[in-house]
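*Asks:* Have a look at this prediction, sequence included:
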Amino acid sequence: MPELPEVETVRIGLSQLIVDKQIAAVNYDWPKSFPNAAKDVQNYLIGAQITGVRRRAKVLLIDLSTAYSLVIHLKMTGQLVYRGAGQRFGAGHPNDSLVGELPDKSTRVTFTFKDGTKLFFNDQRKFGWVRLMPTLEIEQLDFFQKVGPEPLAGDFTAGQFRQRLMRRPRSGIKAVLLDQTVVAGVGNIYADESLWGAKIHPETKVADIPPRQVMKLYEALRAVLALSIEKGGSTDRNYVDAGGRRGSYLTFANVFRREGKLCPRCGTVIIKTRVAGRGTHICPHCQMTPKML
């Protein structure tokens, strides 16, 4: 599933390409991917102008001149791909649909703009969706009511971070980082990278982490997320951003997908294990197990 930096990369790219464009038509092949009333589509989507592109956690919001918005959740295999005259952009799940001819068998929704350019929503497994709804009602969706604060927000402090973690004091820290109701948008890659940066074993219970290490974790998490956004996300296979560049964060990763290689901090061999139901990469020397602390 795309994580916060990947979805932010989509937002940045689309902001450069589709704002001010007018929607001329929409086509879809799977009702669950585009569960919208035909009347709303005709009245509030067709002919509407795009006024902005936003992100909340891992969800994209495309605002329209009709006071409606397209709410897009990529889920496991979703992609958004823009194709125009001399312009190509694609981000999301890394498969060939990002760079191949479209529409293809994974294309669920196609938006055609007045100038002839197109935005494709592809989704192999059909878990993602695009919903059209009044902009003012978005915050009332169950997801938005439950999701935690943005970790990169300017007003999100280390103290607030610790308070959010302490909602689950007896849980392992990695499981808590992955909990979207605690902090928004953090997935497997950035949980592993930030825990390595703070020298915390992913199974350590939240209540057992000293305040100074919580501060280090706060700083490490924000640093790795910011770096990944700068590098265009972690999708390094079949990814093309608005400038034609491929995501490159994983070339800078310290532990994720580096099992068998040496830790760049201490030289110990990185191992892969399983924590919170997810494949987890750690340095067994830098990140001691809770029993060794």
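*Replies:* Looks like it arrived, so ask away.

*Asks:* Pull the number of nearby residues for Ala158.
*Replies:* 15 (other CB atoms under 10 Å). The way it works is simple: take the backbone N, C-alpha and C, and place the C-beta from them, glycine included.

*Asks:* looking at it, it is touching Gln213, isn't it?
*Replies:* No: using CB atoms under 8 Å, Ala158 is not in contact with Gln213, being 11.3 Å away.

*Asks:* low-scoring stretches of this structure, by residue?
*Replies:* For the chain, applying pLDDT under 70 flags the ranges 1, 233-250, 290-293.

*Asks:* go again using 90 as the cut-off
*Replies:* 1-10, 12-13, 29-30, 58, 74-79, 84-101, 143, 227-253, 288-293 (pLDDT under 90).

*Asks:* Give me the domain ranges for it.
*Replies:* 4-146, 158-292 (automatic domain parsing).

*Asks:* so where do the helices sit in the stretch 101-250 of the chain?
*Replies:* With DSSP state H, counting those that start in this stretch applied, the stretch 101-250 of the chain shows helices at 142-146, 158-165, 173-178, 188-198, 211-230, listed in chain order.

*Asks:* what sits up against the shortest one?
*Replies:* Pointing back at helix 142-146 there. 56-57, 59, 73, 138-139, 180-181 (CB atoms under 8 Å, 6 or more residues apart in numbering).

*Asks:* Make TSV from these and add distance to Ile46 and neighbour count to it.
*Replies:* Shown next, in TSV, are those (distance: CB to CB, whole Å; neighbours: other CB atoms under 10 Å):
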residue	distance to Ile46	neighbour count
Arg56	25	18
Ala57	29	20
Val59	23	19
His73	22	18
Ile138	20	19
Glu139	25	9
Gln180	33	16
Thr181	36	14
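
*Asks:* Keep only those of those that are in strands.
*Replies:* Judged by DSSP state E, those include 56, 59, 73 as members of strands.

*Asks:* Settle this for me: the second one is touching His73, isn't it.
*Replies:* Yes: assessed by CB under 8 Å, Val59 is found in contact with His73 at 5.3 Å.
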